[in-house]
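**Q** One predicted model, sequence on top.
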Amino acid sequence: MSGGACGILTPMNYYGAKDLARSFRTVRGNTITIASEIGEEHYGFRATPDTRTVAQVLIHIANVPKLQLQLQAVERVTTLEGFDFMAFLGPVLADEQKPYTKAQILERLKTDGESFAQWLETLPDSFLGEIVTMRAGMEPAEKTRFEMILGVKEHEMHHRAQLMQIERMLGITPHLTRQMQARFAAQTAR
């Protein structure tokens with residue numbers, strides 16, 4: 001909080017909707033690069049028998065924003081009590097099992113990701129600051145809409161890390177590692 005006129009406290013907002021959209025686009029762009037670099041012949045690869053294939057992870061990533069769009073944009077929930085997660089997630093999880101080509105997956109990552117980012121840009125700070133009550137027993141008991149929406153990016157980064165490990169298993173040096181190595185080499189050359 002910062003002091004406003006006449007000593008009234010006003011919120012200081014360092015990270016708003018446009019920042020959220022920009023950072024989401026960065027994360028999604030890195031995911032798309034990884035999806036592009038993994039050959040389609042490896043889209044059926046899974047690190048262990050009980051994990052998703054590369055294609056399934058990418059479809060999962062493409063689908064993740066759907067939950068927050070449903071909760072925040074469609075229903076604008078104020079509590080998660082009564083929200084039927086399984087009814088919503090069942091079809092979304094079933095979608096991961098469908099066969100998609102690499103081109104179809106890349107297109108979904110691009111178009112659905114950009115659509116989500118464009119929605120993010122429209123969100124006023126007042127909306128992002130609204131409190132949503134979690135289900136009984138969940139911790140924390142409340143979250144702001146901002147925290148819930150930020151979870152989309154965090155979730156994608158979690159799965160992107162899995163994909164980067166898979167890249168290494170397939171003999172691919174991830175692009176972010178290559179970029180870091182190039183920066184180090186340039187600094188060393190100076």
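**A** It's in. Numbers count the residues shown, from 1 in each chain.
**Q** what's around residue 59, how many residues?
**A** Residue 59: 23 surrounding residues under other CB atoms under 10 Å. For glycine as for every other residue, the C-beta is placed from the backbone atoms N, C-alpha and C.
**Q** Need the nearest residue in space to it, chain neighbours excluded.
**A** Closest residue to residue 59 apart from its sequence neighbours, by CB to CB, 6 or more residues apart in numbering: residue 96 at 4.8 Å.
**Q** By mean pLDDT, point me to the weakest helix or strand of the chain.
**A** strand 9-10 (a mean of 43; mean pLDDT, DSSP states H and E).
**Q** For the chain, which residue occupies the most central location?
**A** Central residue of the chain (CA atoms, centre = their mean): residue 153, 3.0 Å from the mean position.
**Q** so who does it touch?
**A** 20, 23, 24, 27 (CB atoms under 8 Å, 6 or more residues apart in numbering).
**Q** which SSE is the third one in?
**A** Under the assignment given by DSSP states H and E, the secondary-structure element containing residue 24 is helix 17-37.
**Q** List the buried residues of that helix.
**A** 17, 20-21, 24-25, 27-28, 30-32, 34-35, 37 (16 or more other CB atoms under 10 Å).
**Q** And for stretch 127-147?
**A** Counting neighbours by 16+ other CB under 10 Å, the buried set in stretch 127-147 is 127, 128, 132, 143, 145, 146.
**Q** Tell me where the protein has strands.
**A** 2-3, 9-10, 131-133, 142-144 (DSSP state E).
**Q** Below-threshold pLDDT in the protein: ranges please.
**A** 1-13 (pLDDT under 70).
**Q** can you give me the helices in it?
**A** Remark: helices assigned in the chain by DSSP state H are 17-37, 54-63, 65-68, 85-95, 102-121, 125-128, 145-169, 175-189.
**Q** re earlier: which two of the contacts of residue 153 have the greatest separation?
**A** 20 and 27 (10.7 Å; CB to CB).
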